[in-house]
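Participant: Okay, here's the prediction I keep looking at, along with the sequence it came from:
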Amino acid sequence: MLPSPDPKYLERLIESSPDIVIAVDNEGTVIYYNDGARQNLGYAPAEIIGQNCALIYGSIEEARKVMKAMRESPEHGRIASFETVFRSKGGEPIPVAISGSLIYDEQGSEVGSIGFARDIRRMRRREQLATAGEIAVSLAHEINNPLESIINNLDLLSRSVQPHLSEADKVVENERLDSIRTSIERVQAIVRRLDEMARGGVYETRDYMEGKRMADLAPRQSPPQQISSQIAPAAAEDWPLTGMAILVVDDDPSVVNSMADLLRAERCIVQCATRPSSALGILRNVKIDAVISDVVMPEMDGYDFYLRVKEEMPNLPVILMTAYYYDKDHIMKRARLRGLEGAIFKKPINPSKLRAVLIEARRKVQAAKAGPRPAKTATSI
């Protein structure tokens, strides 16, 4: 039979526990206060022992709520992980989870209670970060897809109004268009900030009114990103994408339609599909010079779609795009390892960048068709 533990040893264990351990008598007066409580709450034992426990809770009502939970507990006066809020010496609210029980004397009369409280701020931050991560992924996708459509149509609007405006009117309209672009950039920056917060492991908040806090999603200072420069009307001969047949694949119809309009404005021939199976059908029956495909789609993701296209048409340029800021399934990376060259990682896509990528894709295809140039030979006179 094992010997009974030394009471002094048990007392030393409780005293050195990093958790908050407090005992009170049946009047609510603190009679025990360990070192973990001192470290967490900031009060020295002499400041607390002999005081009413309402000082720790911040109000007598909160203290009574905990005692009521103990007395009404079906576990005979015991509670586990009961959440409440303590107040530190400096007045800071400290959310805690209390496990404790009522104390009875030999006659069965209630003489007090003891509670083991754990500061749950870190746990809550982890939960908040996990939630923020889920929100960031979803928010990026749900916001960046409509932003893609807005930017494509903004680009088209800029092209269409320029030829019909006087120089004075151009200045005014360009200011308005720039204001829209600036607002779009701010929305993008807020979504990026949420993504950085979630993946960086720092959940930051700020006050928005007395005693109320909100997630701090204010964009941090960073170099401005120009979404699209003002587009002057192109000269008649300046249409390098004329006649280029492009297939646009995206499960969001607004993205498909707006990108198709943008490419048609570049004098491209555009085919559209909202499902990979439909896209593959088009590729097998229509001559296509390049494919622009979303990454996250029904039936198959962008990586699988890219492999199918490469298997059947190895020389066809494929450009992948995504509304997610974080390539959580490494679709882009895996596709690049398998030979993908054109990857526009994030929506909304800069129309000028898209144009440049397509011009380069067309140049490479034309160069491959032309074959290697014959080596120069010396001539004699």
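Facilitator: Yep, that arrived.

Participant: Would you mark the buried spots in stretch 280-294?
Facilitator: By 16 or more other C-beta atoms under 10 Å, the buried positions in stretch 280-294 come out as Leu280, Leu283, Ile288, Asp289, Ala290, Val291, Ile292, Ser293, Asp294. C-beta here means a position set from N, CA and C on the backbone, and glycine is covered the same way.

Participant: no no, stretch 116-127
Facilitator: Buried residues in stretch 116-127, defined by neighbour count with 16+ other C-beta under 10 Å: Phe116, Ala117, Arg118, Asp119, Ile120.

Participant: now swap in stretch 103-110 and tell me
Facilitator: For stretch 103-110, the neighbour count (16+ other C-beta under 10 Å) marks Ile103 as buried.

Participant: Stretch 260-280 too?
Facilitator: Buried residues in stretch 260-280, counted by 16+ other C-beta under 10 Å: 260, 262-263, 265-266, 268-274, 276, 279-280.

Participant: Please apply the same query to stretch 358-374.
Facilitator: With burial defined by 16+ other C-beta under 10 Å, the residues of stretch 358-374 counted as buried are Leu358, Ala361, Arg362, Val365.

Participant: OK, contacts around the first one?
Facilitator: Neighbouring residues of Leu358 by C-beta atoms under 8 Å, 6 or more residues apart in numbering: Leu241, Met244, Ile246, Cys268, Ala290, Ile319.

Participant: A helix includes it, no?
Facilitator: Yes - under DSSP: H, G, I helix; E, B strand; the rest coil, Leu358 sits within a helix.

Participant: quick one: it from Ile319, how far?
Facilitator: According to C-beta to C-beta, to the nearest Å, Leu358 and Ile319 sit 8 Å apart.

Participant: Report the set of residues contacting both of those two.
Facilitator: Ala290.

Participant: ok, back up a step: would you format the buried residues of stretch 280-294 as TSV with secondary structure, distance to Gln107 and pLDDT included?
Facilitator: As requested, the buried residues of stretch 280-294 are exported to TSV (DSSP: H, G, I helix; E, B strand; the rest coil; distance: C-beta to C-beta, whole Å; pLDDT from 0 to 100):
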residue	secondary structure	distance to Gln107	pLDDT
Leu280	helix	83	95
Leu283	helix	87	95
Ile288	coil	90	94
Asp289	coil	93	94
Ala290	strand	88	93
Val291	strand	84	94
Ile292	strand	82	92
Ser293	strand	79	90
Asp294	strand	74	87
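
Participant: could I get those residues as a markdown table with distance to Tyr303?
Facilitator: Shown next, in a markdown table, are the buried residues of stretch 280-294 (distance: C-beta to C-beta, whole Å):
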| residue | distance to Tyr303 |
| --- | --- |
| Leu280 | 15 |
| Leu283 | 17 |
| Ile288 | 19 |
| Asp289 | 22 |
| Ala290 | 18 |
| Val291 | 14 |
| Ile292 | 15 |
| Ser293 | 10 |
| Asp294 | 12 |
